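Student: missing the sequence, but the structure's below:
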């Protein structure tokens, strides 16, 4: 076994000893825990409380404790190519700023256990406020700026914040400004609730009038008034299970789930991953390309690097267009980034804009240790391109793995986690050994191996579980390389929630009811004979073609193999004869003439038949070329919206209704980045399904 597998085995054989050791070594506790876990009570397995008798403060661990030893070290780098700004804050600067915001919040009545909602962009004040909430023992909930009023209203309604913090606008580019205040005002109307105070940060790019009669306050003025009491704002100790923050899952329908993150277990899990998975050392720089409103940004832009005594990069901009496709590479070089974390869509976007890596060639990136991707599956084609672009080494298509040399340098790996987990469940740990020889090889198409503490299993999906709300009380484990439902054997490792905000029953029903004794991740995949985890798709992205279960991601991987395809998405299309057949939406590389479209469709069909098998039942009529795919602001493709569109059109066809190309019955998801793409996709689907 490699060192990761050894650590994983130790964590499962003696979870209490394993985690108590790391909790004591990595964290500064006000009252250190004497036991690792409390499983008392009827719900012990799925509501395990980690470090139950420990007390701590997240802000103290992320800021205060580092000031004495590294106060003048840079802690935060704010890099905004949209405003041509780079600003650095030392740990001493960070402590001063956080204390100021904490004093401001305290003047507005925020105390331990209160909720504070942040509707803000990627500016330093957002991070100051998150840490200030932790300092006071308050619970923050970050909603990324520009989120649709209806969805923002649901979150306000659910968590009833005492204070809402916002800024006047977000900057999508150097010319595109998104005004936040009108969206926030509309959300208040829809929620029928207003907090005791709304504090607005006025940005130079957009200043707006505020109404004191409606308890609206200017951030800078309130900060100045609170300055006198800032030094006296000490860290509030909280019990280990105290909520650090709420992160809402971004569902397109219904009430979003408020995932409650317990403070102590989360701090331990983040620090473990920082040191042993990502291999980040104190004083080094980590750059996580994610909004604070997503779990990636919460965990590894805001908290993880600071808890570790490292530097974090807060980036305001996009991978391309602000102003070019070289800004990420420039940031890697300028800020001495050692570890980078982003969604695969970021890499897909860079590949589409700069396939030859011309912008990359301008910078020396030999100092980079690890580049990790999470959020969606990393296809082998994109994986190989990213390795070649970053390292200059062109991987052979015949190679299935990448082996580190004597030193870990430029390793590119997928890793897998969820909003619920708060940190990785599978990946390649580059910090468990002294050299690259200690690191497990990276395998294309895999999310790595299980992370210590995560007892991952694959369960065969019974036919009657494909639809409806069923319980599999006699679960059968899948064989190696057999596709099934990915689950985690209880108890869950530190960092997972033990409840959803205001909805304990939904917590059980969503995650633990279907497979008793296991956490249902909602993902489909397999674990191969060498122990590597392959996440193929969400459970509802598995399509049944003539009684054969096929993962849409396996078909997407084949389509990606065509030299002219830069992005693609596969959804199910109803079929009378076979139940469902795949429908491909693909983005072509620039310069492909329309005269080649039919030929390329035929080649894609042949690739699918060759690599998946004739059962794939892909036909040229079900291959559509589009300019853009609909995505969330975090880069995930909105597959559910596209599936619902296809079903809606087929329902019309079955009922003999002529579907309108200008009236789509499927609403615009609140998380969509560009609402205009929705109608483009709708018209494409209508045109295909009419044939």
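Tutor: All right, it came through fine. The shown structure was predicted, so the numbers you read here are calculated from the model rather than taken from an experiment. Numbering: from 1, shown residues only.
Student: could you use CA atoms for every contact and neighbour count after this?
Tutor: OK.
Student: can you pull up the most central residue in the chain?
Tutor: What sits nearest the mean C-alpha location of the chain, by C-alpha atoms, centre = their mean, is residue 296, with 4.3 Å.
Student: surely it is in contact with residue 290?
Tutor: Yes: with contact defined as C-alpha atoms under 8 Å, residue 296 reaches residue 290; the gap is 6.0 Å.
Student: give the buried residues for stretch 3-16.
Tutor: For stretch 3-16, the neighbour count (16 or more other C-alpha atoms under 10 Å) marks 3, 4, 5, 7, 8, 9, 11, 15, 16 as buried.
Student: distance-wise, check the third one relative to residue 379.
Tutor: From residue 5 over to residue 379 the distance is 24 Å, taken as C-alpha to C-alpha, to the nearest Å.
Student: repeat that for residue 344.
Tutor: Separation of residue 344 from residue 379 (C-alpha to C-alpha): 9 Å.
Student: now residue 183
Tutor: Distance, residue 183 to residue 379, by C-alpha to C-alpha: 37 Å.
Student: got it, and residue 46?
Tutor: From residue 46 to residue 379 the distance is 33 Å (C-alpha to C-alpha).
Student: neighbour count winner among the two?
Tutor: More crowded of residue 46 and residue 379, by other C-alpha atoms under 10 Å: residue 46, with 24 against 21.
Student: could you pull out the strands for the stretch 251-400 of the chain?
Tutor: For the stretch 251-400 of the chain, the strands defined by DSSP state E, counting those that start in this stretch cover 258-262, 285-288, 311-315, 337-342, 370-373.
Student: nearest to residue 401, out of the ones you listed?
Tutor: When the strands of the stretch 251-400 of the chain are compared by C-alpha to C-alpha, strand 370-373 sits nearest residue 401, at 15.7 Å.
Student: same for the closest one, what does it pack against?
Tutor: Judged by 3 or more C-alpha pairs under 8 Å, 6 or more residues apart in numbering; DSSP states H and E, the packing partners of strand 370-373 are strand 337-342, strand 411-414.
Student: out of the ones you listed, which is the most enclosed?
Tutor: Highest mean neighbour count among the helices and strands packed on strand 370-373 (mean count of other C-alpha atoms under 10 Å): strand 411-414, with a mean of 25.
Student: what sits up against it?
Tutor: Contacts to strand 411-414, defined as C-alpha atoms under 8 Å, 6 or more residues apart in numbering, come from residues 369-374, 377-378, 383, 386-387, 404, 427-428, 442, 446-448.
Student: likewise stretch 604-622?
Tutor: Stretch 604-622 has contacts (C-alpha under 8 Å, 6+ apart) with 545-546, 548, 550, 554-555, 558-559, 562, 581-584, 598, 601-602, 688.
Student: likewise stretch 517-535?
Tutor: 45-46, 377, 416, 426, 443, 445-450, 457-458, 480-490, 492, 510-512, 514, 536-539, 542, 551.
Student: that one spans what distance, first to last residue?
Tutor: Stretch 517-535: ends 21 Å apart by C-alpha to C-alpha.
Student: what comes up buried for it?
Tutor: For stretch 517-535, using 16+ other C-alpha under 10 Å, the buried residues are 517-521, 523-528, 532-535.
Student: among those residues, which are located in strands?
Tutor: 518, 519, 520, 521, 523, 524, 525, 526, 527, 533, 534, 535 (DSSP state E).
Student: where does the protein have low pLDDT?
Tutor: Residue ranges of the chain with pLDDT under 70: 40-44, 250-254, 462-470, 540, 546-547, 634.
Student: break it into its domains for me.
Tutor: The chain resolves into domains spanning 65-236, 540-689 when parsed by automatic domain parsing.
Student: quick check: which of the ones you listed is buried the most?
Tutor: domain 65-236 (a mean of 20).
Student: quick one: that domain to chain centroid distance?
Tutor: Relative to its chain's centre, domain 65-236 lies at 21 Å (C-alpha atoms, centre = their mean, to the nearest Å).
Student: tell me the span between the first and last residue of it.
Tutor: For domain 65-236, the first and last residues are 14 Å from each other (C-alpha to C-alpha).
Student: now do residue 59 against residue 307, distance only.
Tutor: Distance from residue 59 to residue 307, counting by C-alpha to C-alpha: 8 Å.
Student: quick one on the thing from earlier: can I get the domains of the chain in JSON lines including distance to residue 244?
Tutor: Below are the domains of the chain laid out as JSON lines (distance: least, C-alpha to C-alpha, whole Å):
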{"stretch": "domain 65-236", "distance to residue 244": "5"}
{"stretch": "domain 540-689", "distance to residue 244": "22"}
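Student: for the residue nearest to residue 450 when sequence neighbours are not counted, give me its contacts.
Tutor: Leaving out its chain neighbours, the residue that sits closest to residue 450 by C-alpha to C-alpha, 6 or more residues apart in numbering is residue 426, at 4.2 Å. Under the criterion of C-alpha under 8 Å, 6+ apart, the neighbours of residue 426 are 415, 416, 417, 447, 448, 449, 450, 451, 533.
Student: between the residues you listed, which sits nearest residue 145?
Tutor: Among the contacts of residue 426, residue 417 lies closest to residue 145 (C-alpha to C-alpha), at 23.6 Å.
Student: contacts only, for the nearest residue to that closest one once chain neighbours are set aside.
Tutor: Counting by C-alpha to C-alpha, 6+ apart, residue 424 is the residue found nearest to residue 417 once chain neighbours are left out, at 4.5 Å. When contacts are counted by C-alpha under 8 Å, 6+ apart, residue 424 touches 273, 415, 416, 417, 418, 451.
Student: how close does residue 424 sit to residue 496?
Tutor: Taking C-alpha to C-alpha, one finds residue 424 at 11 Å from residue 496.
Student: just to revisit the earlier point, what do residue 296 and residue 290 both touch?
Tutor: Shared contacts of residue 296 and residue 290, defined by C-alpha under 8 Å, 6+ apart, are absent.
Student: what is the neighbour count of the residue lying closest to residue 263 once chain neighbours are set aside?
Tutor: The shortest distance from residue 263 to any non-neighbouring residue, by C-alpha to C-alpha, 6+ apart, is to residue 244 (4.9 Å). Using other C-alpha under 10 Å, residue 244 has 28 other residues around it.
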